[in-house]
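[1] how would this look folded up:
(one chain, ligands or ions: 2)
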Amino acid sequence: MSRDIVLTEVALRDGSHAINHQFTVEQVVEVARGLDEANVPHIEVSHGDGLAGSSLQYGLSRTHELELIEAAVSVCKQAKVGVLLLPGIGTIKDLNTAAGLGVGMARIATHATEADVSAQHIYRSKELGLTTVGFLMMSHMAAPEKLAEQAGLMQSYGADVVYIVDSAGALLPDQAGERVRALKQCLNIPIGFHAHNNLSLAMANTLVAIQEGATWIDGSVRCLGAGAGNTQTEVLLAVLDRMGIQTGVDLYKMMDLAEEIVSPILQVPQEITRDALVLGYAGVYSSFRLHAERAARKFGIDSRDILIELGRRKAVGGQEDMIVDVAAEIAQLNSSTKIR
Ligand SMILES: CC[C@H](O)CC(=O)C(=O)O
Ligand SMILES: [Mn+2]
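    Ligands and ions are numbered 1, 2, ... in the order given. Okay, the predicted model is just below:
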């Protein structure tokens, strides 16, 4: 089958953030089966923060991710099930275990300027025979040339594809385009693009990325992803079809899956809430949203103030503990201002 665009569906991993890591085996089976039947080539399944993410810091999974991964693998006839791994959260041992369960793809994710920490994980993933993807998160924080240099490192370690990841949904279309162009000049492997819809730009940025040469694209069905979700897969499929771009994925099956299976999983419909908007506006990790909302309730403050301050401090993934610190500081500042 010819595919101009290679799709990775991320709802069963990025969407984990949106539902507080509460996926059940039954939900994963139903969604993975539907995706496989719709001919989606790659389905990512893991805790939202990747392998071994289940923790007090990032949020405890309701069901162990290895059970979810095994369940997804068991129902996929054509799709490769993939996992996300953030070196430092997940380890080589976790990667070995996932490969043993029949996973076919590993995405090794680092902050946009820290690709060097991915070397050993990329080497190992290649040794295991997995499709190996470098995933440069918070890409809005790195200039195009820097991002291209970091992508080059991942390519030199053996990555098959390198992704520009707009974790905060903060990129504007021209910024997305210039990043893809910069990678295109330096790499001889495919370039991927992963968007978040916090500024309502996920679709526009994805289309610009494709126009500039990105061929591996992420989406989440019904926008089931962190923050306001990702590029909505079934909508993207319809748009690409109208543009004459082949994905090989069945549009009707994806629409049915979104409506009948994924929509009931959402605790609330995915929309651009004020906190999601602030993620994109302030350049904050999409997965910080629910943590910030919990901290705001605990300290009786506005969650937007926490997110704005996190953006100002340039907090990156792995610094979730800063969310409570920032909330406590804002609460203290508010109360001392009131006393005066
Ligand atoms: C914390 C990992 C993160 O959710 C990965 C990702 O999808 C992103 O950075 O957007
Ligand atoms: Mn994401």
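[2] In this model residue 26 seems to touch residue 67, though I could be wrong.
    No - using C-beta atoms under 8 Å, residue 67 makes no contact with residue 26, being 11.3 Å away. C-betas here are computed from N, CA, C, even on glycine.
[3] quick one, which of the two is more surrounded?
    For residue 67 versus residue 26, the count of surrounding residues by other C-beta atoms under 10 Å is larger for residue 67: 15 against 10.
[4] can you confirm the more buried one is in a helix?
    Yes - under DSSP: H, G, I helix; E, B strand; the rest coil, residue 67 falls within a helix.
[5] which residues does it contact?
    Going by C-beta atoms under 8 Å, 6 or more residues apart in numbering, residue 67 touches residue 25.
[6] Please apply the same query to the one 5 residues further on.
    Shown here is residue 72, whose contacts under the criterion C-beta under 8 Å, 6+ apart are 12, 28, 29, 32, 43, 45, 81.
[7] Can you tell me how far the closest residue to it other than its chain neighbours is from residue 122?
    Computed as C-beta to C-beta, 6 or more residues apart in numbering, the closest residue to residue 72 that is not its neighbour in sequence is residue 32, at 4.0 Å. Distance, residue 32 to residue 122, using C-beta to C-beta, to the nearest Å: 25 Å.
[8] Return the distance of the helix or strand where residue 218 lies from the chain's centre.
    For residue 218, the host element (DSSP states H and E) is strand 216-219. Strand 216-219 sits 10 Å away from the centroid of its parent chain (C-alpha atoms, centre = their mean, to the nearest Å).
[9] Output that strand as PDB, restricted to C-alpha atoms.
    Extracted C-alpha coordinates of strand 216-219, given in PDB (Å, rounded to 0.1, in the frame of the first residue of the first chain):
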ATOM      1  CA  TRP A 216       5.500  11.100   9.600                       C
ATOM      2  CA  ILE A 217       2.600  12.700  11.400                       C
ATOM      3  CA  ASP A 218       0.900  12.200  14.800                       C
ATOM      4  CA  GLY A 219      -2.700  12.600  15.600                       C
END
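[10] mind listing what residue 43 touches?
    Taking C-beta under 8 Å, 6+ apart as the contact definition, residue 43 lies against 8, 9, 12, 32, 35, 36, 72, 76, 79, 80, 81, 82.
[11] and what of residue 178?
    residue 144.
[12] Downstream of the host helix or strand of it, the next helix or strand is which one?
    Here residue 178, judged by DSSP H and E, is contained in helix 173-186. Sequence-wise, the next helix or strand downstream of helix 173-186 (DSSP H and E) is strand 191-194.
[13] Could you point out the helix or strand that follows that next one?
    helix 202-211.
[14] Name the residues of that following helix that come out as buried.
    Residues 202, 203, 204, 205, 206, 207, 208, 209, 210 are the ones in helix 202-211 that count as buried (16 or more other C-beta atoms under 10 Å).
[15] Stretch 114-134 too?
    114-115, 118-119, 121-122, 124-126, 128, 130-134.
[16] Assign a three-state SS to the residue of the stretch 101-250 of the chain found nearest ligand 1, would you?
    Using C-beta to the nearest ligand atom, the closest approach of the stretch 101-250 of the chain to ligand 1 is made by residue 167 at 3.1 Å. At residue 167 the chain is in coil, as set by three-state DSSP.
[17] burial of it, as a residue count?
    For residue 167, the count of nearby residues is 31 (other C-beta under 10 Å).
[18] now do the one 4 residues further on
    Residues near residue 171, counting by other C-beta under 10 Å, number 29.
[19] sec struct for it, please.
    coil.
[20] Enumerate every residue touching it.
    Taking C-beta under 8 Å, 6+ apart, we find residue 171 in contact with 139, 140, 179, 195, 201, 205.
[21] Which elements pack onto the strand holding residue 218?
    Here strand 216-219 touches strand 6-9, strand 161-165, strand 191-194, helix 202-211, helix 233-242, going by 3 or more C-beta pairs under 8 Å, 6 or more residues apart in numbering; DSSP states H and E.
[22] Relative to residue 312, which of the ones you listed is closest?
    Minimum separation from residue 312 across the helices and strands packed on strand 216-219 (C-beta to C-beta) falls at strand 161-165, 21.4 Å.
[23] mind listing what that closest one pairs with, with the direction of each?
    Its sheet considered, strand 161-165 pairs with strand 131-137 (parallel), strand 191-194 (parallel) by DSSP bridges.
[24] Quick check: residues of the stretch 51-200 of the chain near ligand 1?
    For the stretch 51-200 of the chain, the contact set with ligand 1 under C-beta under 6 Å from any ligand atom comprises 109, 137, 165, 167, 194.
[25] could those residues be laid out in JSON lines, adding distance to residue 329?
    Supplementary listing: these in JSON lines, determined by distance: C-beta to C-beta, whole Å:
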{"residue": "109", "distance to residue 329": "29"}
{"residue": "137", "distance to residue 329": "25"}
{"residue": "165", "distance to residue 329": "29"}
{"residue": "167", "distance to residue 329": "24"}
{"residue": "194", "distance to residue 329": "32"}
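[26] Closest one of the residues you listed to residue 4?
    Of those, the one sitting nearest to residue 4 (C-beta to C-beta) turns out to be residue 194, at 17.9 Å.
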